[in-house]
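>>> here are the coordinates; sequence isn't available:
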């Protein structure tokens, strides 16, 4: 197992409410990522982090924010959830010691009603 | 920018058939190439990878060769099984630093008994 977990795994929330998804890794890797997966779009990068308190935007960052206060935790927040943010969210980490391979968490299924 | 193109499917084959899923890429540098597999309701698992031209990645009977001259990384398997039914993603990474993965849209593979 690659040592990366996400919580919650499934969540239903109402439009306009804030939602936070958590990603936790036990490998001490520097680089972490949040992707969303939607039919017809594959996986798209939302935000990424290159260290504690160092984050940057990906291609679909509008409506999302992230925080990384510790190496092991990378949080994704939907500031005010909308139905268009109904998706499957995947966290990932890069193993820079193993050919820069990126490993994924199990996914968080989010439904905004 | 970088991009990955793969057939989206669904691709339907009979058990024991030969499988090819085409993947071509556009990149500015010398990327590493990956195939990930996603089984229903699960996250993405690394299937195989290749980090330089002419490298062959292999795992679980699947193979792919990094062809720089044709910018391709086609996935092959000699005899597929029902358990290979999944979505397969081709992806590239420029390598070091915070660069994440650029994904194709995924190929849905269905293997019939």
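Thanks, I have the structure now. Note that the structure is predicted; figures quoted are calculated from it, not measured.
>>> in a strand, residue B:83, correct?
No: according to DSSP: H, G, I helix; E, B strand; the rest coil, residue B:83 belongs to no strand; its state is helix.
>>> next secondary structure element downstream of the helix or strand of chain A with the lowest mean pLDDT?
Least confident helix or strand of chain A, by mean pLDDT, DSSP states H and E, is strand A:101-104 with a mean of 90. Once the chain leaves strand A:101-104, the next helix or strand it forms, by DSSP states H and E, is strand A:108-112.
>>> chain center to that following strand, what's the gap?
Relative to its parent chain, strand A:108-112 has a centroid offset of 12 Å by C-alpha atoms, centre = their mean, to the nearest Å.
>>> mind checking pLDDT for residue A:97?
The predicted local distance difference test score for residue A:97 is 80.
>>> using the three-state scheme, assign it.
Under three-state DSSP, residue A:97 falls in the coil class.
>>> next one: residue A:84
For residue A:84, the reduced secondary structure class is helix; criterion used: three-state DSSP.
>>> show me where chain B has strands.
Counting by DSSP state E, chain B has these strands, from start to end: B:3-6, B:11-14, B:19-21, B:23-26, B:32-38, B:44-50, B:56-59, B:62-65, B:75-77, B:86-93, B:102-103, B:107-112.
>>> that should have said chain A, apologies.
A:4-7, A:10-13, A:19-25, A:32-38, A:42-51, A:54-57, A:64-70, A:73-78, A:87-95, A:101-104, A:108-112.
>>> can you list contacts of the fifth one?
To tie it back to what came earlier, the one meant is strand A:42-51. Surrounding strand A:42-51, the residues in contact under the criterion C-beta atoms under 8 Å, 6 or more residues apart in numbering or on different chains are A:30-38, A:55-61, A:64-66, A:68, A:71, A:74, A:76, A:89-90, B:44, B:89, B:97-98, B:100-101, B:103-106. From N, CA and C alone the C-beta is placed, and that goes for glycine too.
>>> in that strand, which residues are buried?
A:42, A:43, A:44, A:45, A:46, A:47, A:48, A:49 (16 or more other C-beta atoms under 10 Å in any protein chain shown).
>>> repeat that for the second one.
Using 16+ other C-beta under 10 Å as the burial criterion, the residues of strand A:10-13 that qualify are A:11, A:13.
>>> alright, calling it a day.
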